[in-house]
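Participant: Fold the following and give me the result.
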Amino acid sequence: MKQFFKMMFASTLGFFVGLMLVGVIAVVFMIGMVAGLSSNSQAVYTPKAEDSVFKIAFEGDIRESAEENSFTNLLTGREPDLSLRDLLKSIRHAKEQESVKGIYLDMGVFSGGTASLDAIRRALMDFKESGKFIVAYADSYTQGGYYLASVADKIYLNPQGILGLTGLSSQTMFYKGLLQKIGVEMMVFKVGTYKGAVEPFIADKLSDANREQITSYQNSIWGNITKGIAKSRNITVEDVNRFADEGAFFASPEKAVEYKLIDELKYRSEVEKYLIEQSGQTGDKLKTVGLSNMKNIKKTERKYRNKIAIVYAEGEIMQQIISSPYSGNYPCISEKINDDLKKLADNEDVKAVVLRINSPGGSAYTSEQIWKQVYELKKKKPVVVSMGSVAASGGYYIASGASKIIAEPNTLTGSIGIFGMFPNTAGLFNKLALTTDMVKTNRYADFGDPSRPMTDDEKALIQGYIERGYDTFLTRCAEGRGVSKADIDSIGQGRVWTGEQALKIGLVDELGGIERAVELAGELAEIYNYNIMEVSTDHDFLKELLEKQIEVVKQSVVKDMLGDEYEHFRTLQKVKATYGIQARIPYDLKPL
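Facilitator: Numbering: from 1, shown residues only. The predicted structure is shown next:
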C-alpha cells in the first residue's frame, strides 16, 4: 500500500510539474510568436515580378498613425486600424512599382474624417497620372467610401447594394432634462457666443449662433464633397444633390447607374475577373498585394544628415490619459509630447519639424503647456503645423505658436474660446435626504463644494478666471498670426470654421496636406536635400503586453458586450476625466 501511495504521489507531482513546464513553454512561445508577428509586420517586402493588383480593404477607423497591436489582434480577431500615413505611403509605392498594374478599392464599412479622405483621394488621383487603373467595388457604399471611390476609372456595386449618398447631418444630445430629474444643475462659465460645448448641459436645443455655425461648416464641407464627386464622374453638383434629396439610396440600385454615379452592377467575382483581364494576369484567381506588404517595400533612399521630423498629435488633449475598458483604445494628447519636442529642439540634424494635429481640443492647461514648447521650438527651427480632419479649440491653441499652419479644405478648426462646468448636486442631496454641515476657517475654504449652490461672488470669481483664460488664448493666437487681439476676437468667440473658410480669415496660411507641410518646412529651413524622420515612442514589448495590450483586449470585450451602447459609456467616461478649464470643440463629429 505504501508503494502504491508513493507511486501515486510521484505521478501526481510529475503531472503538476509537467503542467507547469507546459504552461511556461506556452507563455514563452506566445511571447515569441507575438514578438515575431510584430517583427514580421515591419519586415521588408520585395515585390514579385509578375503582374499584380494593389488591394486596399477599407474597414474600421482611419487614424493618423495607428499602432500595430499584434497580440490584441490575435486574441480579439480584429483587424488593425487603418493608418493614413501607411495608406499614403503605400499608394506612392504602388505608383512606382512596375509590377503593380492598378489599385482595387474594396469598400467596406469604415469611418474617417473628411480631411483624411481628401488626402487619400489626392493620392489616388496622383496614382492615376501613372496611367494605371483604379477599380472600386462595394456591396454597399458609405458616403466616405463613395467619395474615395468616385476617383476610380470604374465603380461597381453589388446588384442588391446601396449607394448611401444622403448628405451631412450633425446631432447634439441634450442632458439638461435628465440632470433636472436627478436634481443636478450644471453651472456653466464660458467666453464665446459660438462655444456650444456647454449647451447640452444648460439647454434643450441648439442656440441660434450654434445652429448658424453648424450650418455654415456643413454646407462648406458638403459643397466640396459634391464638387469632387461631380468632377470625377463628369456630372453636375445638382445631379448629386438630386440623388440625395430623392432618397434614391433606397431605390433600386439601377437608379445609381442611371445617375451615372455607378458604372455597372456586378458581383465581386465578376469584378475580380475584370481585374484579372485588366492587369494582364492569367488563371482564375486574382493576384493581389495588400497594404501590410505594400507599405513595407524597401526603397533605395539616399541618406542625408539634414532631417525634417514629423510629430503626430492625435486625440483629445488631456491632463491624464484615461485607462478604462469604457474609454476605448483612442489616442490622446498629453504633456508627454513635450518630451519629443524638446529632443527635436536639441537635435542638430533636425532642421525643421512638422506637427501633425488631429484634435478637438481638451484641457486648456495642457494646451498651454504644449503651446509653450512649440513656441520654444520655433525659436530654434521652423515648425509647420499640418491640420488633419479637426484641429479646433485646444487643437488650434497648440498650433498657434507654429511658424506656418496648413489645413485641408474640409478641416474643422478655430473654435477659439474656453469654458468651465461645475455641478450643483444640492437637488440630488435633497432627493436622497442627505445633509451636510461645514466648518471652515476662511470665506472660500469650501469653494467648489457640489452639495450647495455657488454664491454670486464665487460665480464672479470663476467668470473672471474664464475671461482671463480667453484673453490668454486670444493673445497666443494674435502673436502667432501677427494680428491684434481684437482681430482674433472678431473671428473667435468659439466659432468653428472649415480650413477653406479659415484661409480667408487668416487663421491658416495655406490649404494642403502633410506633403505640402513637409515641403514648406524644407523651404523655411532652406534645405532641399533631407530625409523624413517620423517620431514615435518606442515601447518595451513586455511592458506593452502587460500595460496596454491586455487593456485593449478588455476594451474589445466590453465593446462586444455593450454593442451600440458602448459610445454612451465612453462619453460618460470622458466627462469624468474632463476637469479644469476646457478648450474643446462643441460636439462629437459624425464621420462620413
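Participant: where do the strands sit along the stretch 251-400 of the chain?
Facilitator: 264-265, 288-289, 307-314, 316-317, 332-333, 350-359, 361-363, 383-392 (DSSP state E, counting those that start in this stretch).
Participant: could I get those as a markdown table with mean pLDDT, mean neighbour count and distance to Ser451?
Facilitator: From N, CA and C alone the C-beta is placed, and that goes for glycine too. As requested, the strands of the stretch 251-400 of the chain are exported to a markdown table (pLDDT from 0 to 100; neighbours: other CB atoms under 10 Å; distance: least, CB to CB, whole Å):
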| stretch | mean pLDDT | mean neighbour count | distance to Ser451 |
| --- | --- | --- | --- |
| strand 264-265 | 98 | 15 | 64 |
| strand 288-289 | 94 | 20 | 63 |
| strand 307-314 | 96 | 22 | 38 |
| strand 316-317 | 92 | 28 | 29 |
| strand 332-333 | 90 | 23 | 31 |
| strand 350-359 | 97 | 27 | 35 |
| strand 361-363 | 92 | 27 | 26 |
| strand 383-392 | 96 | 29 | 35 |
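Participant: so what's the backbone phi/psi at the nearest residue to Gln218 once chain neighbours are set aside?
Facilitator: Excluding the flanking residues, the one nearest Gln218 by CB to CB, 6 or more residues apart in numbering is Leu168, at 4.8 Å. Backbone torsions of Leu168, given as degrees, to the nearest 10, read phi -100, psi 150.
Participant: and Leu168, how many neighbours does it have?
Facilitator: Look at Leu168: counted by other CB atoms under 10 Å, it has 16 neighbours.
Participant: Distance of it relative to Thr215?
Facilitator: As judged by CB to CB, to the nearest Å, Leu168 and Thr215 stand 10 Å apart.
Participant: Which one of the strands of the stretch 251-400 of the chain lies nearest to Ile418?
Facilitator: Of all the strands of the stretch 251-400 of the chain, the one in closest proximity to Ile418, counting by CB to CB, is strand 361-363 (9.3 Å).
Participant: Remind me what that closest one packs against, helices and strands.
Facilitator: Contact here means 3 or more CB pairs under 8 Å, 6 or more residues apart in numbering; DSSP states H and E; on that basis strand 361-363 packs against strand 316-317, helix 394-399, strand 582-584.
Participant: quick one on the thing from earlier: doesn't Asn224 make contact with the residue nearest to Gln218?
Facilitator: No: using CB atoms under 8 Å, Leu168 is not in contact with Asn224, being 10.9 Å away.
Participant: before we move on, the earlier item: nearest to Met421, of the strands of the stretch 251-400 of the chain?
Facilitator: Of these, nearest to Met421 by CB to CB is strand 361-363, at 13.2 Å.
Participant: and the nearest residue to Asp118 once chain neighbours are set aside, how many neighbours does it have?
Facilitator: Spatial nearest neighbour of Asp118, excluding adjacent residues (CB to CB, 6+ apart): Glu408 at 5.0 Å. Neighbour count for Glu408, taken as other CB under 10 Å: 29.
Participant: From here on, call the first residue 158.
Facilitator: Okay, using 158 as the starting number, the last item reads as Glu565.
Participant: Am I right that Glu565 is in contact with Arg673?
Facilitator: No: the criterion here is CB under 8 Å, and Glu565 misses it with Arg673 at 10.0 Å.
Participant: can you pull the contacts of the spatially most central residue of the chain?
Facilitator: Centrality entry for the chain: nearest residue to the mean C-alpha point is Arg220, 4.7 Å, by CA atoms, centre = their mean. Residues near Arg220 by CB atoms under 8 Å, 6 or more residues apart in numbering: Asp238, Leu239, Ser240, Leu241, Glu471, Pro488.
Participant: Got the confidence number for it?
Facilitator: Here, the pLDDT recorded for Arg220 equals 88.
Participant: Is it bridged to anything, and to what?
Facilitator: With DSSP bridges as the criterion, Arg220 is bridged to Ser240.
Participant: how many neighbours does Val531 have?
Facilitator: By other CB under 10 Å, neighbour count at Val531 equals 25.
Participant: for Gly265, that is, sorry about that
Facilitator: Other residues within reach of Gly265, judged by other CB under 10 Å, total 15.
Participant: ok, for it, nearest residue in space, not its chain neighbours?
Facilitator: Counting by CB to CB, 6+ apart, the residue nearest Gly265 is Glu216, at 4.3 Å.
Participant: Was I right to think that neighbour contacts Leu239?
Facilitator: Yes: Glu216 lies in contact with Leu239 (CB under 8 Å); the separation is 7.5 Å.
Participant: Can you pull the residues that touch both of the two?
Facilitator: Phe267.
Participant: quick one on the thing from earlier: so what's the gap between the helix or strand containing the residue nearest to Gly265 and the chain middle?
Facilitator: Assigned by DSSP states H and E, Glu216 belongs to strand 209-220. In terms of CA atoms, centre = their mean, to the nearest Å, the gap separating the centre of strand 209-220 from the centre of its chain is 16 Å.
Participant: Going by neighbour count, which residues of that strand are buried?
Facilitator: Within strand 209-220, the residues that count as buried by 16 or more other CB atoms under 10 Å are Ser209, Val210, Phe211, Lys212, Ile213, Ala214, Phe215, Gly217, Asp218, Ile219, Arg220.
Participant: on contacts alone, who are the packing partners of the helix or strand hosting Arg368?
Facilitator: If you go by DSSP H and E, Arg368 is part of helix 365-390. Under the contact definition 3+ CB pairs under 8 Å, 6+ apart, helix 365-390 sits against helix 271-285, helix 300-306, helix 394-402, strand 653-655, helix 656-662.
Participant: Which of those sits closest to Val540?
Facilitator: Relative to Val540, the nearest member of the helices and strands packed on helix 365-390 by CB to CB is helix 656-662, separated by 18.2 Å.
Participant: so where's the chain shaky on pLDDT?
Facilitator: Scanning the chain for pLDDT under 70 picks out 158-206, 223-237, 477-487, 693-749.
Participant: Apply 80 and report the result again.
Facilitator: Scanning the chain for pLDDT under 80 picks out the ranges 158-208, 222-238, 455-458, 477-488, 693-749.
Participant: Pretty sure His250 sits against Asn450.
Facilitator: No: judged on CB under 8 Å, His250 makes no contact with Asn450 at a distance of 9.6 Å.
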